[in-house]
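*Asks:* sequence first, predicted model second:
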Amino acid sequence: MGFKDYCFKKSLWVFHFGGASCNNCDIEILDCLTPRHDLERFGILLVGSIRHADVLLVNGSINTRDKDRLLEIYNQAPKPILVVAIGACGCTGGIFAESITFAGPVDKIIPVNAYIPGCPPKPEAIIAGIVKLVNKS
Amino acid sequence: MQGARYKTKERGTRNEKRETRNIDTMVIIEKLKENFSSDILEIVTKNEKRIIVTIKPDSIINIAEYLYKTAGLRFIIASALHTKKGFEIHYHFSMDSTGLVLNIHVILDKENPQIESLSNMFNASNWIEREMHELFGINFLNHPNQEKLISDGNWAEGVYPYRKEFK
Amino acid sequence: MSKKTIIPIGPYHPLQEEPELFKLYCDGEIVKDIKWETGYNHRSIEKLSESKTYDQVFFLVERICGICSTSHPFAFANAVEEIGNIEITDRAKYIRSIIGELERIHSHLLWVGLAGHFLGYNTVFMWAWKYREPVLDLFEMITGNRNSYAMFKVGGVRRDIENVKISIIRKTLSDIRKKTDLLAGAVMDDPVIHARTKGVGILTRQDVIDYAAVGPTARASGVAIDVRKDDPYAAYPLVNWKVITAQAGDVFAKAEVRLLEMYESISIIEQCLNGLEKVKEGEITVKVKEIPEGIGTGRAEAPRGEVFHFVVSDGSNSPARHKIRAPSYVNIATFKKSCIGQTIADATISLAAVDPCYCCTERMAVAYDINSGKRIMNANELIDCSIMRTAEMKKNLINN
């Protein structure tokens, strides 16, 4: 295990990118951090800037206008960074895949490390996904 | 826990007696007929809460001004649609005291759809007119700021995604 | 006049979960103008809707906004039922209203939490979100999902609330009422919150009429409009409740309206549950053969205000045109009135007071990519700014 991988074992700081989403996944992500699930116990913290983050959470379908912003945010991220696509829209485009402004699911734009399907995924599912990701790396 | 019970009864709530207005549903239609008889093409009454008034596009400003300023109706939104007749716009006005939704319906030219903007009268129509301009290519004359609202980066200028193809 | 500083909020910004860009044009600390850029969330739902059948559209409109995921199907159902002249059963009416009001409670709790967060009261944030969980549990019990309930269909609802569940719902509601008392007491009696929110972001009655604002934003300015009363639908005419209004039009009034509305919602649900016990179990749908040609307008009162759906049917099995107007679409425009003249620290809470929902609006974080040469303040600093101000006021209050 390299030093960087070791760092991913503890206190993941996450940055949340909401694409053209319906807000459900965003709310459920916040819900993970509030008292019932309280991920902050494990040092998982939502940060305001991608430059501080270890994990990039992307949810929602990405429209053509968001695409460039997502790429820019990914380029600004300190590497290595783990990218997690959350929700049906993040994974595949979901119900919005036929939309005229749809620019492709997240993995067409940036490399994705983990997919958490569901519409919206429950907080438990999001936590399970993150745990799986941490154990893998 | 020390949170004091918050007293709901003492706080402001709406009077059970409804705000009375002088104008009710039928009166407003009568008044419209009376004042704008030459501008109104058709009145369809679906029921007492849903009325559709088709007017000539030129008279939209006068009628909207009457509805908004004199009768005190609230502008909800406008819906554009592309049909075989051309471009149609339904301006939805709401009379909150009676629950009436009054649809002011105009039919615009197929080739060069344009109509006077209402945004100089009330701000509520500002965004929807910009949006209709982007989605359908309807031109709003004298609009204070007809710039892009949602299309920037999503689709090119001059492309109107909500237009349909008719044979 | 000195050179204006531009402070961008967004597009990706921890203040709001959703992408949206506000540019605050500031002179010193005072906001002089506000400009808004949108399109980050456009999904062209109105266009997608034309390619779906009436049954499928419900799943689509539910995903306009996750928080209002009952209101949009509600309004759409009203619109389609108006075209088809469909009268639903009493049980379906009660169930629809129950789901709608539960949604209002969870949405208002969510807002109270976020507003607390913007003011620097993270305790309020954590409390409100904790008390919100039992409501989501109720949803999970009734519909099988915490959000996006898929309860509505043309002619009724998809799932019944069996009578055995009613006592569980009653118990949870009485818990929620106690928690609301606690929260309302804590928020409404706090001198610092009074100092931060009273007289901030004032929207006058005339502004509301000019911008045609709806929902709590309008009711806090003394405009008593509520679709549930004005154009009654579902079970709302069958139960007894009041429209909450306040006069001041500031952030505090908006908070007050929302908190008091939660009590009304709880009372509406309790009355609906009483009604539910009186009607026969299982009668939740009427058979719908086809949707005739015609146009229909459906309205529903979402937690944020009036949702308006306009459906044109050409007699086929999918809408020919489907126009959606979400409440935030008109409410967000009022920022132009409420933010200008405020200090930057107050701008955040003024923005939040409307409970803006951008995914609704468009159906359709940090300021790093603005041209160099302009002073840049990032999102965290902006919230910090607000938090610092609260701390300062607290100190002053203690010293005095």
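*Replies:* Received, thanks. Residues are numbered from 1 along each chain as shown, chains lettered A, B, ... in the order given.
*Asks:* every contact and neighbour count from this point should use C-alpha atoms.
*Replies:* Noted.
*Asks:* mind listing what's buried in the lowest-mean-pLDDT helix or strand in chain B?
*Replies:* The helix or strand of chain B with the poorest confidence is helix B:25-35; it has a mean of 85 (mean pLDDT, DSSP states H and E). Neighbour counts using 16 or more other CA atoms under 10 Å in any protein chain shown place B:25, B:29, B:32 of helix B:25-35 among the buried residues.
*Asks:* need those residues in TSV (columns: distance to residue C:46).
*Replies:* Listed next are those as TSV, based on distance: CA to CA, whole Å:
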residue	distance to residue C:46
B:25	30
B:29	31
B:32	32
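*Asks:* confidence score at residue A:137?
*Replies:* pLDDT for residue A:137: 65.
*Asks:* residue 103: what's it in contact with?
*Replies:* No chain in the question, so chain A it is. Taking CA atoms under 8 Å, 6 or more residues apart in numbering or on different chains, we find residue A:103 in contact with A:61, A:62, A:63, A:64, A:67.
*Asks:* sorry, I should have been clearer: chain C.
*Replies:* Applying CA under 8 Å, 6+ apart to residue C:103 gives the contacts C:67, C:68, C:70, C:303.
*Asks:* which of those come close to chain A?
*Replies:* Among those, proximity to chain A is found for residue C:67 (CA under 8 Å from any CA of the partner chain).
*Asks:* before we move on, what SS does the residue nearest in space to the middle of chain B have?
*Replies:* With distances taken as CA atoms, centre = their mean, the residue of chain B nearest its centroid is residue B:91 (2.8 Å). Here residue B:91 is strand, with the state taken from DSSP: H, G, I helix; E, B strand; the rest coil.
*Asks:* partner residues bridging it?
*Replies:* Beta-bridge partners recorded for residue B:91 (DSSP bridges): residue B:78, residue B:104.
*Asks:* need the contact list for it.
*Replies:* When contacts are counted by CA under 8 Å, 6+ apart, residue B:91 is found next to B:75, B:76, B:77, B:78, B:79, B:103, B:104, B:105.
*Asks:* give me that answer again for 6 Å
*Replies:* For residue B:91, the contact set (CA atoms under 6 Å, 6 or more residues apart in numbering or on different chains) comprises B:78, B:103, B:104.
*Asks:* picking up where we left off before, chain A: which of the buried residues of helix B:25-35 is nearest?
*Replies:* For those, the residue nearest chain A by CA to the nearest CA is residue B:25; the value is 37.6 Å.
*Asks:* any idea how far the closest one is from chain C?
*Replies:* 13 Å (CA to the nearest CA, to the nearest Å).
*Asks:* any idea how far that residue lies from residue B:47?
*Replies:* Residue B:25 sits 11 Å away from residue B:47, going by CA to CA, to the nearest Å.
*Asks:* from the contacts of residue B:91, which is closest to chain A?
*Replies:* Chain A lies nearest to residue B:78 out of those, by CA to the nearest CA, at 22.3 Å.
*Asks:* and that closest one, what does it touch?
*Replies:* The contact partners of residue B:78, by CA under 6 Å, 6+ apart, come to B:90, B:91, B:92.
*Asks:* go again using 7 Å as the cut-off
*Replies:* Shown in contact with residue B:78 (CA atoms under 7 Å, 6 or more residues apart in numbering or on different chains): B:89, B:90, B:91, B:92, B:128.
*Asks:* around chain A, which positions in chain B sit nearby?
*Replies:* Where chain B comes near chain A, counting by CA under 7 Å from any CA of the partner chain, the residues are B:153, B:154.
*Asks:* secondary structure class of the residue in chain B that chain C sits nearest to, three-state.
*Replies:* Closest residue of chain B to chain C, CA to the nearest CA: residue B:150 (4.0 Å). Under the three-state scheme (three-state DSSP), residue B:150 adopts coil.
*Asks:* wait, doesn't it sit right on residue C:41?
*Replies:* No: counting by CA atoms under 7 Å, residue C:41 is not a contact partner of residue B:150; they are 8.7 Å apart.
*Asks:* more crowded one of the two?
*Replies:* Legend: neighbour count by other CA atoms under 10 Å in any protein chain shown for residue B:150 and residue C:41, higher for residue C:41 (30 against 22).
*Asks:* who touches the residue lying closest to that one once chain neighbours are set aside in this structure?
*Replies:* Counting by CA to CA, 6 or more residues apart in numbering or on different chains, residue C:41 lies nearest to residue A:20, which is 3.9 Å off, once chain neighbours are set aside. By CA under 7 Å, 6+ apart, the contact set of residue A:20 is A:60, A:61, A:62, A:63, C:40, C:41, C:42, C:43.
*Asks:* residue of chain C nearest chain B, please.
*Replies:* Across chain C, no residue is closer to chain B than residue C:39, which sits at 4.0 Å (CA to the nearest CA).
*Asks:* what separation do you get for that residue and residue A:63?
*Replies:* Distance, residue C:39 to residue A:63, using CA to CA: 9 Å.
*Asks:* do the same with residue B:26
*Replies:* From residue B:26 across to residue A:63, the span is 47 Å (CA to CA).
*Asks:* likewise residue C:200?
*Replies:* Using CA to CA, residue C:200 is found at 36 Å from residue A:63.
*Asks:* return the residues of chain A in contact with chain C.
*Replies:* Residues of chain A lying near chain C (CA under 7 Å from any CA): A:17-24, A:26, A:34-36, A:48-49, A:65-66, A:95-96, A:99-101.
*Asks:* which among these count as buried?
*Replies:* In the residues of chain A next to chain C, burial by neighbour count holds for A:17-24, A:26, A:34-35, A:48-49, A:65-66, A:95-96, A:99-101, counting by 16+ other CA under 10 Å.
*Asks:* okay, and which of those residues map to strands?
*Replies:* Using DSSP state E, the subset of these located in strands is A:17, A:18.
*Asks:* just the element for residue C:145, please.
*Replies:* If you go by DSSP states H and E, residue C:145 is not part of any helix or strand.
*Asks:* my guess is it meets residue C:136, correct?
*Replies:* No: at 8.3 Å, residue C:145 does not count as touching residue C:136 under the criterion of CA under 7 Å.
*Asks:* which neighbours do these two share?
*Replies:* What both residue C:145 and residue C:136 touch, as defined by CA under 7 Å, 6+ apart, is an empty set.
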